[in-house]
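Enquirer: Predicted model follows, preceded by the sequence.
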Number of protein chains: 2
Amino acid sequence: MSTIRDVAKEAGASVSAVSEVLHGNGSTNIRVGAVTRKRILNAASSLGYTPNQIARSLVTRKNGVIGLVFPYSSAFTDRNPFCTQVMTGVFEEVVRRKYNLMLHTAIGDDWDSINQTSLLDRRVDGLLLVIPRHESPVIKQCIKQRFPYVAIASQPSSTEEFVVNADDYRGGYIAAEHLLSLGHTKIMHLRGDPEVETSSPREKGFLDALKNAGIDSASAQVYDSGFDRRNGFLAMSEILAGPSSEHPTAIFAANDLCAEGVLHACKDAGVDVPGDISLVGYDDTWFAAMTRPSLTSIHMPIYEMAVLAAQMLIARIEGEPVLEHQPVLPIHITIRESCGAPPTQNRYSTPKESASCPV
Amino acid sequence: MSTIRDVAKEAGASVSAVSEVLHGNGSTNIRVGAVTRKRILNAASSLGYTPNQIARSLVTRKNGVIGLVFPYSSAFTDRNPFCTQVMTGVFEEVVRRKYNLMLHTAIGDDWDSINQTSLLDRRVDGLLLVIPRHESPVIKQCIKQRFPYVAIASQPSSTEEFVVNADDYRGGYIAAEHLLSLGHTKIMHLRGDPEVETSSPREKGFLDALKNAGIDSASAQVYDSGFDRRNGFLAMSEILAGPSSEHPTAIFAANDLCAEGVLHACKDAGVDVPGDISLVGYDDTWFAAMTRPSLTSIHMPIYEMAVLAAQMLIARIEGEPVLEHQPVLPIHITIRESCGAPPTQNRYSTPKESASCPV
DNA sequence: TGAGTTTGATAAAACGTTCTATCATGATTG
DNA sequence: CAATCATGATAGAACGTTTTATCAAACTCA
C-alpha cells in the first residue's frame, strides 16, 4: 500500500501539496501550480494510491459513517418489512450524501452494549435510533455528550429531542373512521405491545373516533397482541374461540404481519374476510398487498420517515440548521380487499376446532 | 473527550501503562503493578474515558469492521426476504465475533463505486460479497490486493476463490423429482435471470432429473422470468394466455417471490393451485409459508450460508486457517400446499381476460 | 524603487493511539 | 559478590493523514 509520502516522493513534491491536490477542497492556503499538480496526479495513479480514511478521520474528526441502531426485539427482525424499509430509506439517503452505513442492534436498548461494540468510540459521526424506548439511556447519553442523533418513531420526552414520527393518532383515527363508515360498530383493536410507544397514540385516535361516533367504549375492545404473525394468529384464535355473539365484526390490527396472522386464524376457523369480519392492517408495507385477501392498511410513510431522519442527522453532523426537530409525517389509508360491510345476520356456521399455529 | 494522555496524567502514570491496562492483552513487555493499575482504572472511569478506535485502527491496522456488499439490482431489494435473511445471518455472526457491520451496495458491481464510497480505503477489514457477477472486478481486485473477502452464492472461476454456495444443482434436481413423483410430465421452469449465476446449476439439475425420468426436453420448457413478483405474474399470465392444451401442469419458479406472482396470475385466470397447476418455489424463506396456498419450496440454507461466509471471512482476517474454500451447503425441499397430482382431464374452464399486474 | 500582494511551495506539528527500546531497581543464583 | 534475571516502568517513534505557520520568489502599482 502506497502512502501519501510515496506519492510525494514520486512526484517530487511535498506531502502538503499531494494532500491538497488529491483530497483538498481549496480551503487551505496551500497552492499548487498546474505542472506540479499534474505530476502529483500521475504519480498517484501510477502508484495506485488510495488514501487511508482512518488516518484522515483521525485528524479531521469526521468519518463519513453513520450508525443505524435497531432495537433487538422479536417484533423487529428481518421478517418485518417495516425494518427493512427503514433500512432501505436510510441507506439510500446515506449513500446519496456519500456517507457509509454501519449497522447495530441495541440489545435491550442498552447503552453499554452500543458503547462496548464500539459504535460510539468515534467511529460513527451520528446515530439513527429506530424506535428507541421511552427515556432511552442511549438518547440521554447522546444529549449529554452532544452527539448527533435522530430517533425514528418515538415519543419525545422533551422538545429538545430529535425525532421523526408519523401521525399515529390520526392513523388510529382513520382506521376506525373507515370501519365506522362501512357500518361496523363492534370493532376490536389489536394493540401490539404497550411497551412500544407508538401504540398509544394509535389507540387513542382509534378510541376517540369511536367516541365521536357515539360508540360506547364497552364495544370497543382493545387486545394486547404482539406485532408478529404468531401473535395475530393466537389473539384471533382466542377471540374466535369465545361465544360467536360477542365476536367483533371488524379488527384493527397492530400491523400487517399481525393482520396476516388474524387472516390465518379466520381461515382456519372458517370465518370469511371480509364477508364475516373486516380487517385493517397497519404500516402498509409491500406485504399488505400480498395476502389473500389483500389488506386494507394504514399507510405509514416509512421510507419517507427514514429518509427524513437520515437527512436531519446528516444536517446536524454537517452543522446545517435543522428547522424542525420533531416532524410528524402524514398518514393515509390504502383500501384493498379486506374490508366490507358488517354481516347482516346469521354469521358463519360453527368454528372449526382450533388449528395449530403456522410458523 | 478525554484522551489516554489525560488519563495518564490523572493517574500519574505513563501513557504506555494506561494503554496496556485499558486495552492491552499482556502481549507486550509493558508491565504494570497492581497499585498503578488500580489508579489508572479509577482515573479512566472518573474521566469517563472512551478510547478512540480510529486512532487505534491507525496503528493496529485493524478496524473490527467488515463490509457487506449487495448487488444493486431490482431482484435484490428490501422486498426480497433472501437479502434480509443474508443480512441477518451475517449480522449475527459478526456481532458474535465482536465485529461491526458496514453496508454497501455495488452499483453495477462496479469496483470503482465501492472504492469511491470508501469501503476499501482500509475502513473495513474484509468484504462479504453477495451474489457477485461472474469474474467480478471486485473479486479480482480483492485477490490482487490480497484483501480478505468471501462471496456468497457465486460460481467461482478458480479454486482459489472463497465462496459459499448451496447445492443448486441438487435444488433443481429435487424440485423436478418431486413434481415427477406426483405424476407431472409437463413441467415448466421459470429460470429467473440468466445473468445470475446460480440459475444455471438449478436449471441443469432440473433438466437432468427430467432426462433421467425419460422426459424429452421438448416438454420441459424453460422460461426466462425475473426474480420478483411482477416477473412471475407477467410470465405466468403470458403462459396462460397461450392455448390451454399447451399449459404445463407444474411450474418450478425462480424463487418464492416469483412464485407468488405465478399464484396471483393463476388466481386471476381462474386456475386453481394445486388443483390445476402445481407450483414449486425456491429459497423457502418465511414468505413461502404466507401465501395462499402456501408454497412447497426448495429450501436454501440462506441463514447458514451467511453465517458460514461470515465465519470464513473473520477466520481469514484473523489469520486462522480456512479449511474449505468453497463449501457447498445441502438443500432440501419443504412440502406445503402448492403441489398435487396433475389434473386428470377437463382442466379449468376459460381463462378470464388478463388482469392488471398488482404492484 | 520599494512596499505590498499574489503565487507556489514546504516543514513540521498535530490527531490519539500502540509498541519497541530502554532503563532502573531489587531479587535470585552460582 | 558479581552476574543474571524478573519486575515495573517510561520515552518516544511510529501509523498516514491534515493544516498551520512560514518562506521565497515574482508580480503590481504608486
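Expert: Received, thanks. Numbers count the residues shown, from 1 in each chain, chains lettered A, B, ... in the order given.

Enquirer: neighbours around whichever residue of the stretch 151-300 of chain A sits closest to chain B, how many?
Expert: Of all residues in the stretch 151-300 of chain A, residue A:292 sits closest to chain B, with a separation of 4.2 Å (CB to the nearest CB). Bear in mind the C-beta positions are built from the backbone N, C-alpha and C, glycine included. If you count neighbours by other CB atoms under 10 Å in any protein chain shown, residue A:292 ends up with 18.

Enquirer: Over to the one 4 residues further on?
Expert: Neighbourhood size, residue A:296 [other CB under 10 Å]: 25.

Enquirer: Might you report the residue contacts of it?
Expert: With contacts taken as CB atoms under 8 Å, 6 or more residues apart in numbering or on different chains, residue A:296 has the following neighbours: A:178, A:278, A:279, A:280, A:281, A:333, A:334, A:335, A:336, A:337, A:338, A:339.

Enquirer: For the helix or strand containing residue A:207, enumerate the helices and strands it packs against.
Expert: Secondary-structure assignment from DSSP states H and E places residue A:207 in helix A:199-212. In terms of contact count using 3 or more CB pairs under 8 Å, 6 or more residues apart in numbering or on different chains; DSSP states H and E, helix A:199-212 is assigned the packing partners helix A:168-181, strand A:187-190, strand A:221-223.

Enquirer: Take those and write them to CSV, including mean neighbour count.
Expert: As requested, the helices and strands packed on helix A:199-212 are arranged in CSV below (neighbours: other CB atoms under 10 Å in any protein chain shown):
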stretch, mean neighbour count
helix A:168-181, 22
strand A:187-190, 25
strand A:221-223, 16
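
Enquirer: Format the ones you listed as JSON lines; extra columns: distance to residue B:17.
Expert: Formatted as JSON lines, those follow (distance: least, CB to CB, whole Å):
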{"stretch": "helix A:168-181", "distance to residue B:17": "53"}
{"stretch": "strand A:187-190", "distance to residue B:17": "59"}
{"stretch": "strand A:221-223", "distance to residue B:17": "60"}
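
Enquirer: For residue B:266, find the nearest of the ones you listed.
Expert: helix A:168-181 (30.3 Å; CB to CB).

Enquirer: And the strands in chain A, which stretches?
Expert: Along chain A, the stretches classed as strands by DSSP state E are A:65-71, A:100-106, A:126-130, A:149-152, A:163-166, A:187-190, A:221-223, A:250-252, A:278-283, A:296-299, A:328-329, A:332-334.

Enquirer: Any chance you could list what contacts the last one?
Expert: If you take CB under 8 Å, 6+ apart as the criterion, strand A:332-334 is touched by A:174, A:175, A:178, A:280, A:284, A:288, A:296, A:297, A:298, A:299.

Enquirer: what's the burial count for residue A:262?
Expert: As a burial measure, the neighbour count of residue A:262 was computed by other CB under 10 Å and equals 33.

Enquirer: re earlier: same question for the helix holding residue A:207, mean pLDDT?
Expert: Helix A:199-212 comes out with an average pLDDT of 93.

Enquirer: contacts for that helix?
Expert: Residues lying outside helix A:199-212 but in contact with it, judged by CB under 8 Å, 6+ apart, are A:155, A:168-177, A:180, A:187, A:189, A:191-194, A:217, A:220, A:222, A:252, A:254, A:282.

Enquirer: give me that answer again for 6 Å
Expert: The set of residues external to helix A:199-212 that reach it, using CB atoms under 6 Å, 6 or more residues apart in numbering or on different chains, is A:168, A:169, A:170, A:171, A:172, A:173, A:176, A:177, A:189, A:191, A:192, A:220.

Enquirer: And residue A:223, how far from residue A:80?
Expert: Separation of residue A:223 from residue A:80 (CB to CB, to the nearest Å): 20 Å.

Enquirer: per-residue confidence for the residue of the stretch 151-300 of chain A closest to chain B?
Expert: Value listed for residue A:292 in the pLDDT field: 85.

Enquirer: which ones are touching it?
Expert: Under the criterion of CB under 6 Å, 6+ apart, the neighbours of residue A:292 are residue B:292.

Enquirer: can you list the residues of chain A near chain B?
Expert: By the rule CB under 6 Å from any CB of the partner chain, the part of chain A lying against chain B is A:50-55, A:57-58, A:78-79, A:84-85, A:88, A:100-103, A:118, A:121-123, A:286, A:289, A:292, A:358-359.

Enquirer: Quick check: of the contacts of strand A:332-334, which lies closest to residue A:237?
Expert: Ranked by distance to residue A:237 (CB to CB), the contacts of strand A:332-334 are led by residue A:280 at 18.9 Å.

Enquirer: Specify the beta-bridge partners of the closest one.
Expert: The partner list for residue A:280 in beta bridges (DSSP bridges) reads residue A:252, residue A:296.

Enquirer: burial of it, as a residue count?
Expert: A count of neighbours around residue A:280, defined by other CB under 10 Å, yields 28.

Enquirer: measure it to DNA strand D for me?
Expert: Remark: distance between residue A:280 and DNA strand D (CB to the nearest atom of the strand, to the nearest Å) = 54 Å.

Enquirer: Nearest approach to residue B:130 belongs to which of the strands of chain A?
Expert: Comparing those against residue B:130 with CB to CB, the closest turns out to be strand A:100-106 (14.5 Å).

Enquirer: and for the closest one, what are the contacting residues?
Expert: Outside strand A:100-106, the residues within contact range by CB under 6 Å, 6+ apart are A:65, A:67-72, A:91, A:94, A:114, A:119, A:124, B:100-103.

Enquirer: before we move on, back to that, can you tell which of the strands of chain A is closest to residue B:316?
Expert: Nearest of the strands of chain A to residue B:316, taken as CB to CB: strand A:100-106 at 20.8 Å.

Enquirer: Can you check what angle separates the closest one from strand B:65-71?
Expert: Direction vectors for strand A:100-106 and strand B:65-71, defined by axes from the mean of the first three to the mean of the last three CA atoms, to 10 degrees, enclose an angle of 110 degrees.

Enquirer: In its sheet, which strands sit next to strand A:100-106, and in what direction?
Expert: strand A:65-71 (parallel), strand B:100-106 (antiparallel).

Enquirer: any low-confidence regions in chain A?
Expert: Scanning chain A with the threshold set as pLDDT under 70 gives A:73-76, A:106-119, A:218-220, A:345-359.

Enquirer: DNA strand D contacts on that one?
Expert: Taking CB under 7 Å from any atom of the strand as the criterion, chain A approaches DNA strand D at residues A:1, A:3-5, A:15-16, A:19-20, A:22-24, A:27-30, A:49-52, A:55-56, A:58-60.

Enquirer: now those: which count as buried?
Expert: In these, burial by neighbour count holds for A:4, A:19, A:20, A:22, A:49, A:51, A:52, A:55, A:56, A:58, counting by 16 or more other CB atoms under 10 Å in any protein chain shown.

Enquirer: Dump the strands paired with strand A:100-106 to a markdown table, plus distance to residue B:37.
Expert: What follows is the strands paired with strand A:100-106, written out as a markdown table (distance: least, CB to CB, whole Å):
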| stretch | distance to residue B:37 |
| --- | --- |
| strand A:65-71 | 32 |
| strand B:100-106 | 29 |
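
Enquirer: a markdown table for those, including distance to residue A:148 and mean neighbour count?
Expert: Putting those into a markdown table (distance: least, CB to CB, whole Å; neighbours: other CB atoms under 10 Å in any protein chain shown) gives the following:
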| stretch | distance to residue A:148 | mean neighbour count |
| --- | --- | --- |
| strand A:65-71 | 9 | 23 |
| strand B:100-106 | 18 | 23 |
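
Enquirer: Distance check, the spatially most central residue of chain A against residue B:207.
Expert: Most central residue of chain A, judged by C-alpha distance to the mean C-alpha position with CA atoms, centre = their mean, is residue A:86 at 4.2 Å. Between residue A:86 and residue B:207 the distance, using CB to CB, works out to 42 Å.

Enquirer: before we move on, what about residue A:122?
Expert: To residue B:207, residue A:122 is 56 Å away according to CB to CB.

Enquirer: cool, residue A:184 as well?
Expert: If you go by CB to CB, the gap between residue A:184 and residue B:207 works out to 54 Å.
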